[in-house]
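# structure here, sequence nowhere to be found:
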Ligand SMILES: Nc1ncnc2c1ncn2[C@@H]1O[C@H](COP(=O)(O)OP(=O)(O)O)[C@@H](O)[C@H]1O
Ligand SMILES: Nc1ncnc2c1ncn2[C@@H]1O[C@H](COP(=O)(O)OP(=O)(O)O)[C@@H](O)[C@H]1O
Ligand SMILES: Nc1ncnc2c1ncn2[C@@H]1O[C@H](COP(=O)(O)OP(=O)(O)O)[C@@H](O)[C@H]1O
């Protein structure tokens, strides 16, 4: 979980490199506490640094919503591009609203070691800014409620960061999980049932499983480690997507009578590339700010190491995929290379701090290799995953989580497995139930005719590229 | 205005939510002053934080220029895409140059409570970096001029931030106002007359009205509040665009003989979506850094609250528009959803600090709803606004400004109205005059033939997507 | 080089503007050293600020990789778009891996005034994070090795920044140089030979020449100045590209029998525009964080000035190009305007700190003008530079480097010339040799048939926009 | 039966479609094409090099009609598509040997 | 020889191609077109304004065949392209005076 | 009059246009098409699944000419478009019953 320091010491695991001793630092509060006797002003500086880290990380992760939108827009066919754009901006909006209404309190209000948090509606910031008179001058000061419910002046040292900055940062993560789902079930899912699923996922499913680890619930108590969410965010999105894909079935014509796969190439590979780059840059916020603290040498070093590891895992995932596809198909598959970079990112997300760069490279490369095998495998199972989200987020998410003990000796494979399985089971089952209810009530799939004419025309009544050829207008100029 | 703390206390206005008491913090200087007895080094830390806030905010707002370019490129027809790209990068460049030559001095050199600033050309930074000998070693130190014109060593405590960082941040705002205009008059305006208009807008019109509020002129003295520019930036751009649209007339064929609207769908909805996401992420800089200070707990909390409110207003605007269009047209209009998110952002811009998240949601949602009605309304008035900039920036800008008193009790509806009307009148009238002069002199509109073949060929002699179909070259190979 | 303060004093060179006295600040270590008697906590704050500057600068420069990808994807023909996307994400990945394996140690391990660094493989961070017992509580602390090889607790004051943050920042620069090459030789170079060239460029050529200046080698000792890499990064990329372009020859049909140029317009100007905006925003990191320090008033001012100058040089380059093309061709060439903005950025990169804004405008404008003449000149020489990278990065890079003495009086034209020539000669010759070896061994050019059907089909077996027309599938539905 | 092929300026498509609907013509097939003719293409500039764009965007309409309607249809298209400016386009009339409506297998004039 | 022009629904292209290959037809040329006919286009909405999209995406196939194959080919296309729904399209058969294979200069039926 | 329809490799368009201009042919209409024939399409791979792209990009040229020019034109196209490689394309010649220049209403050979 994110609020206590892991007190574990690591032994270096990658030979041959100049290795260093790492310790996973998960938290700010203790780190602050241990800095010897600081003056008030210093605690305030740390407070500002921590807040700033959340805000920078937050806008970077928010930017990932654009990355998912572009990646998915590039990988669906032209007739579904406008609708996938709408789904992505819509689900990002819904995720924020649900996390405000229900999610955050549910996730971070859980009791220590607990299983489910309180259903308190409407999150609000814990600080109050007030004007008070100091030496005859009006001054703005921050207040909080103490345990007795009295307003007391905020002591930055005792707090860590502005509560809204943390809320903002946690909120953008929820949207990531939801974005994963939209890519898998694209081109055939009905718009509003999909949005309803997002409401449940972001308001209930995600926060409940999230509370187990980051909310200091039972998985955290057990020693499970998932630094920035290989399992909590990426696999969670993947499991929810898998349940959806199984219930909704493949796109018309995707698998022919003899079980052969008929590729349905996406509309625009440069958009897909752009989306991948956006996700990559956003991931620095995703992993880096998950250190949750910046205002000390130790935390600054940690964030810097995370940046370097995150980048190198992605680079290794990308190169591994380029090499693998060249070897296997004699040609290099760009869409696989994009997925490979993303798989590298997902893989390192469970533990971006403790690996040396060399270890990060290995972890990311394995993630990339996994994608090359996972994509055809899902096709063999006739699970039609339009953008490869299952291979990238679910498979590499599991790999990344299971790989944590290689570099973080405070963790164990068993505990990691328990975490992966319990979260997977919970998310898959609840998602399956929700998709099923939607299927039998509203229906989750477009009619065959709608699917064939495209979801853009069916759901939006518009086209993504409405001009015919080079721009002859359907209506006179 | 941005340089003094508003000493007002707010009463919570949104029932049902756990409300907190907010106070709008507009400034750094006082905030610094009130921190009890700080050592010099602490003031320097604050100075660095404040500068950093401007720089981060500045590059985020600069990035919005790309957002406007993509949004507009996606919403014009193919034959005008290259030219709108040129217009956007050109206007951003012009805005910076004019603000350097004239604008900044005009805007921030105004006397307190005044109406117009000095026409001093060429802004320059106020600090000088010099090498001096200290204890036999060469050291770089910063100097400023004191009131007597003598060079004195910079005391960070007394200053607040590097002057260039503030200049940079204010400069990028000007470009935003100009970008709004380009979207409305797109597809028919002549390139160079448009650029001349931008010169006047960014060098004179924007800075003069801006000085009234942010330059501590008469509107600020009166108590008008516009935190980050719903009126000063967005409505200003909107009024200038409206004047242009009225004088230039609608595109050929937009309204038929019986007053019916003939839709002219844009060339690429994924580009428009990308543009919207870019604007959204840039807006965290737009609103967040308008706090103008970061280096204290109070300011850090304020910036964090602004981030959260900004995001949630956009999310609410987007969802409100999705819901409204579904109800009204049975289909969801993606372009409206994009406009809705932007309207949410514009709405919260006048006061992103004092609302609770719940209030921000409501303010943004109303902005989104307004767009759904404003777009057809402008069409009914035969004001042809290609990208919906009037609905988003003018209408939601007015709404956002008028909504400030709901959450900021230090403001009044009357003063807000005075601000909206006076700035609106000034900008509309001066813009109208400038457009009119351009119309009768150079002409502002492409010939019918040029418009029909497209501004790309007419003005640039090139095409945005020059290849025919899948890439047969017009010239061999 | 980047690690010592330049102790030079400048005399203002641009008349007419309110000029100030500037001093180039290149470094953190000394700047920290001279701050009078700071408490430990303050040094830690500075340490965090410096690290943060690298991290923010680093992700902005990383984002430039997306900018190059989009710029190049927009300027190649449709049949080569997917492959250029692959090249860009691949080269960015390779650059990081090579810099980790070899480059960084080679570049920054050089002896003072030296010519070549050590071939130590695998860079690793110099700090170790460890858990220790303090007053009975477990605390994480950072340790480093002292000269005797003993672990000692890290004293932030003596260090400056987290080593990984510096590594990350330097690493993303390498990719920039490689990106330049891909644009010039696009549409005809074979994929894997290109990647092999990138391996050598980023692992050997770039780090060796980089060590001469930023590694404190002989050019630095001589007084050569290149703040953020007009020569070290941009011209280096340009020379490597020039060697490649000369050996690979022009695209089929680019120059006809009579030496006339046959334009081959790029596939998508909005993508090229987006790429340019991405590069522009990334450049704030490129130049701004090259100050290498943030934690003092002097450094904050310096970074702020750099931001302002960087922006204004780009704006001036863009406007200069718009004006020039309008005058020369009666039409404005968007692709030139994009190149002009980039040329402004490259021009100011050698010295973004000492110029006043007015001087920055002039430096950038000259860069823009140069591009307008350089592009047809390279065509006259039958050097086929698909995206104009030679004109932008090589020509403007030389100009920017030679212009440093105009505003930085601690430099001389002669030394600048020596730097430009020696790095140019080294990079051109070594690149030429590598390209030549590749040419005679693997071959560097696609067959005529492959080039005509496009590198997408030849190398990737896929198409960037695989759908025919408005989305009829080649395979049913 | 005849197949009438008309190459017209793109922005005249709607006018032509309306004129034909006025004649009771229920169907047509439209293709985006590039035309080369007396109307000169524009000179475009790309990165300092001028070049002639010799092909201009046109729209090709194909209409199958009963032979007795052919002249009327040609007349209607010509009138609706005419601007009097160079580049207005051409109309060609060909014979159709056989026509079939796929849905119903109707043949001949009934298929139209 | 005949030139058979068929306008069909895009997603039927593959089925038609297979049917023709079954008949031993070795070549065809396909164009993306817009069709107007009895099948009504959908109503689209753009920024609050509804409009009728009267043209629908279709695919046009042109096949040159020896005259004795013509009826068989028409039949095969009609069968493969039929959904029974409105908008299935048309087949027209024209006479070809002369055919040449560019590569070899073969003429007549040998060119096909 | 004849309508000559030629399907050629895209990169031969310019050579054909020049050859025809050399014959005094003032106009033509060009369409981007997909061709299926003896020339096999490439195998493409998408996410681990191989598939045959059976259609290849071609360009279709339509030229209306006076009948006495037809053979000359066919000859010129064939020569200019020939690479000798498989996939060079076909030329078909059809009869035109009537031709009209929209701008002037000129008919017959004058319309061309
Ligand atoms: N001989 C021809 N065969 C086929 N199409 C032609 C021919 N001549 C002209 N066209 C088509 O008609 C269009 C208009 O012809 P053009 O000579 O430019 O002007 P006009 O229609 O005024 O005679 C051309 O762009 C081309 O598409
Ligand atoms: N008279 C015509 N000439 C040329 N093409 C036609 C004609 N009528 C119809 N078409 C083409 O056939 C398509 C289908 O025709 P339509 O009338 O919609 O349905 P159906 O095929 O069931 O009769 C149209 O979209 C159009 O492309
Ligand atoms: N029977 C046909 N009818 C119409 N077009 C054809 C026919 N056969 C071939 N084509 C067109 O000619 C092109 C070239 O034909 P192909 O058989 O590949 O090679 P070749 O031209 O060498 O005979 C095809 O791609 C197709 O567009």
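Arrived safely. Model, not experiment: these values are computed from the prediction. Ligands and ions are numbered 1, 2, ... in the order given.
# against residue A:439, how distant is residue A:166?
37 Å (C-beta to C-beta, to the nearest Å). For every residue, glycine as well, the C-beta is placed using N, CA and C.
# more crowded one of those two?
In this view residue A:166 and residue A:439 are compared by other C-beta atoms under 10 Å in any protein chain shown, and residue A:166 has more residues nearby, 25 against 15.
# and that one, what element?
Applying DSSP states H and E as the criterion places residue A:166 in helix A:163-184.
# so that helix, near chain F or not?
No: against chain F, helix A:163-184 shows no contacts by C-beta under 8 Å from any C-beta of the partner chain, the least distance being 12.9 Å.
# got the contact list for the closest residue in space to residue D:48 that isn't next to it in sequence?
The shortest distance from residue D:48 to any non-neighbouring residue, by C-beta to C-beta, 6 or more residues apart in numbering or on different chains, is to residue C:376 (4.0 Å). Going by C-beta atoms under 8 Å, 6 or more residues apart in numbering or on different chains, residue C:376 touches C:261, D:47, D:48, D:49.
# pipe those residues into a markdown table and attach secondary structure and pLDDT per row.
Output for those, formatted as a markdown table (DSSP: H, G, I helix; E, B strand; the rest coil; pLDDT from 0 to 100):
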| residue | secondary structure | pLDDT |
| --- | --- | --- |
| C:261 | strand | 91 |
| D:47 | coil | 87 |
| D:48 | coil | 82 |
| D:49 | strand | 83 |
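# one step back: chain center to the helix holding residue A:166, what's the gap?
Centre-to-centre, helix A:163-184 and its host chain are 6 Å apart (C-alpha atoms, centre = their mean, to the nearest Å).
# that helix near chain C anywhere?
No: Helix A:163-184 lies out of reach of chain C by C-beta under 8 Å from any C-beta, never closer than 15.1 Å.
# who does that helix touch, helix- and strand-wise?
Judged by 3 or more C-beta pairs under 8 Å, 6 or more residues apart in numbering or on different chains; DSSP states H and E, helix A:163-184 is in contact with helix A:40-75, helix A:81-98, helix A:104-108, helix A:191-200, helix A:206-213, helix A:236-248, helix A:389, helix B:297-329.
# and for residue A:121, the neighbour number?
13.
# pLDDT score for it?
Looking at residue A:121, its pLDDT stands at 95.
# the residue lying closest to residue A:166 once chain neighbours are set aside: what's it in contact with?
Nearest residue to residue A:166, sequence neighbours excluded (C-beta to C-beta, 6+ apart): residue A:54, at 5.7 Å. The contact partners of residue A:54, taken as C-beta under 8 Å, 6+ apart, are A:161, A:162, A:165, A:166, A:168, A:169, A:289, A:292, B:304.
# now do residue A:85 against residue B:322, distance only.
When residue A:85 is compared with residue B:322 (using C-beta to C-beta), they lie 12 Å apart.
# end-to-end on stretch A:384-403?
Separation of the first and last residues of stretch A:384-403 by C-alpha to C-alpha, to the nearest Å is 27 Å.
# ok, now which ones touch residue 90?
Picked chain A for this. A:195, A:198, B:318, B:319, B:322, B:337.
# chain D, not that one
D:6, D:7, F:27, F:64, F:99, F:100, F:101, F:102, F:111, F:112.
# which phi and psi does the residue sitting furthest away from the middle of chain A have?
Ranked by distance from the centre of chain A (C-alpha atoms, centre = their mean), the top residue is residue A:136, with 49.4 Å. Phi and psi for residue A:136, reported as degrees, to the nearest 10, are phi 80, psi 0.
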